[in-house]
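Visitor: Below are the sequence and a predicted model for it; my questions follow.
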Amino acid sequence: MTVTKKKNSIKLLCGNSHPDLGEQIARRLGIEVSNVKAYQYSNMETAVSIGESLRDEDVYILQSGCGETAINDFLMELLIMIHACKSASARRITAVIPSFPYARQDRKDKSRAPITAKLIANLLTTAGCNHVITMDLHASQIQGFFNIPVDNLYAEPSVLRYIRERITDWKEAIIVSPDAGGAKRAAALADELDLNFALIHKERARANEVSRMVLVGDVTDKVCILVDDIADTCSTLVKAADTLLNSGARRVVSIVTHGILSDNAIERINSGISLDFLACTNSMPQLSNRKQSNKIDVIDISGTLAEAIRRLHNGESVSYLFKNAPL
C-alpha cells in the first residue's frame with residue numbers, strides 16, 4: 001500500500017505581546033491563527049496551552065519584545081511556547097520577533113557588563129528554536145550570537161514607500177541621523193531618495209539622557225526627516241528636533257522602526273513643538289499610544305513579515321524583501 005505523506009502546513013502561533021499584528025499576518029497568509037493560550041497562574045508563573053496538533057508542522061511563533069513592565073513575561077512566554085511546540089513534535093519552529101528584546105545590550109561597554117543579547121540567543125536555541133525572523137536589529141552582530149539561521153529583515157522599503165506617499169514635500173527634504181551610529185541607515189535612505197543627509201553628534205551624561213548635540217551638515221530651509229531604529233523615551237528625538245529647528249530647518253518629522261515610547265515619551269512628543277509627527281512601524285503595539293497623541297503615525301510591516309514566512313515555508317529566497325515591500 002502506498003502512503004501519501006501530507007504536505008506540511010503553516011501554523012502561526014501568537015503570544016500576548018502583539019495579537020493584532022498576528023491577525024494581520026494571518027490574513028495576508030490566508031490562514032487562521034492557531035489555537036494557543038498563554039496565561040499566568042496566581043503566583044505569576046506563565047503557562048501555555050496548545051489546542052491543536054502541531055506534529056510535523058512548520059510552526060511560526062510571533063512574539064515582539066515590548067512592554068514597559070511585561071517584556072520579561074513576554075520573553076518567558078515565547079520560550080515556553082517554543083518548548084511546548086518542540087514537545088509536540090513540530091517539524092520546524094521559527095520565532096518571529098519583530099523587535100528583538102535586549103538588543104541594546106549587545107556588547108561589553110564597561111567593566112562587568114553582561115552581553116544580554118547573547119544570553120537571549122542562547123535561551124531561544126536551548127528552548128528548541130530552529131530559526132529566527134527579526135527586523136532592524138540594533139546591532140547586526142547579534143546575528144552572530146546564534147548558531148541557528150537568523151533573517152534580519154529591514155523596514156527600509158516600507159519607510160521609503162511611506163516617505164514618498166505620505167510626506168508631500170519629501171523632495172525638499174534632508175535625511176538626518178540623530179547619532180553617528182545611525183549614519184549608515186540615513187545614508188542608505190538618502191541614496192534611495194536621491195537626497196542629502198546630515199547627522200547629529202550627541203554626548204550622553206548617562207543612559208537615555210543626552211547632554212549636548214552638535215549638527216554636522218546644512219539643514220537651512222529643509223524638511224528634516226529624522227530616522228532611527230528605536231525610539232524609547234524620545235528625549236533624543238525631541239532634542240534633535242530642537243537642534244534642527246534652531247539650525248534653520250523648515251520643519252522636522254521623525255521615522256523610527258521600533259516605537260517603544262516608554263517613560264514620558266508621549267508627553268514629550270505632545271508638548272514639544274519642534275517635532276511635527278513621529279511615524280513608527282507596528283513592530284510594537286501602537287493603538288494606545290495613538291489614542292494619547294495625534295502626532296503618532298504607523299507604518300504597517302505585516303506584509304513583509306507574512307511574505308518572509310511564506311518564502312521560508314516554500315524554501316524561497318528572503319533577500320527580495322531587503323529592497324522590496326509587499327503591498
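Guide: Great, that's in hand. Residues are numbered from 1 along each chain as shown.

Visitor: What is the burial count for the nearest residue to C66 once chain neighbours are set aside?
Guide: Using CB to CB, 6 or more residues apart in numbering and skipping the chain neighbours, the partner closest in space to C66 is M284 (4.1 Å). Heads up, the C-betas are built off the backbone N, CA and C, glycines and all. Other residues near M284 come to 21 when the count uses other CB atoms under 10 Å.

Visitor: Could you do S177 as well?
Guide: For S177, using other CB under 10 Å, the count is 25.

Visitor: How about stretch 116-131, which residues are buried there?
Guide: Neighbour-count burial for stretch 116-131 flags A117, K118, I120, A121, L124, T125, A127, G128, C129, N130, H131 (criterion: 16 or more other CB atoms under 10 Å).

Visitor: Just the strands from the stretch 101-250 of the chain, written as ranges.
Guide: Assigned by DSSP state E, counting those that start in this stretch, the stretch 101-250 of the chain shows strands spanning 131-135, 150-153, 173-177, 197-206, 209-216, 223-231.

Visitor: on that earlier part again, among the buried residues of stretch 116-131, which ones are in helices?
Guide: Judged by DSSP state H, the subset of those located in helices is A117, K118, I120, A121, L124, T125, A127.

Visitor: could I get these as CSV with distance to S177?
Guide: Below are these laid out as CSV (distance: CB to CB, whole Å):
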residue, distance to S177
A117, 22
K118, 26
I120, 26
A121, 27
L124, 30
T125, 33
A127, 36
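
Visitor: So which residue is smack in the middle of the protein?
Guide: Centroid-nearest residue in the chain, with CA atoms, centre = their mean: S99, separated by 3.5 Å.

Visitor: Would you report the backbone torsion angles of that residue?
Guide: S99 adopts backbone torsions of phi -120, psi 110, taken as degrees, to the nearest 10.

Visitor: Give me the pLDDT value at it.
Guide: Per-residue confidence at S99 stands at 95 (pLDDT).

Visitor: can you check M1 too?
Guide: M1 is assigned 52 on the pLDDT scale.

Visitor: and stretch 99-107, how far apart are its ends?
Guide: 18 Å (CA to CA, to the nearest Å).

Visitor: Could you do stretch 127-138 as well?
Guide: Termini of stretch 127-138 sit 23 Å apart (CA to CA).

Visitor: Quick check: which helices or strands does the lengthiest helix in the chain pack against?
Guide: If you go by DSSP H, the chain has its longest helix at helix 71-87. On a contact count with 3 or more CB pairs under 8 Å, 6 or more residues apart in numbering; DSSP states H and E, helix 71-87 meets strand 36-40, strand 46-50, strand 58-62, strand 92-97, helix 116-127.

Visitor: so how far is C234 from C14?
Guide: Relative to C234, C14 is positioned 28 Å away (CB to CB, to the nearest Å).

Visitor: Just want to know which of those two has more residues nearby.
Guide: Taking other CB under 10 Å, C14 and C234 do not tie; C234 has more neighbours (27 against 23).
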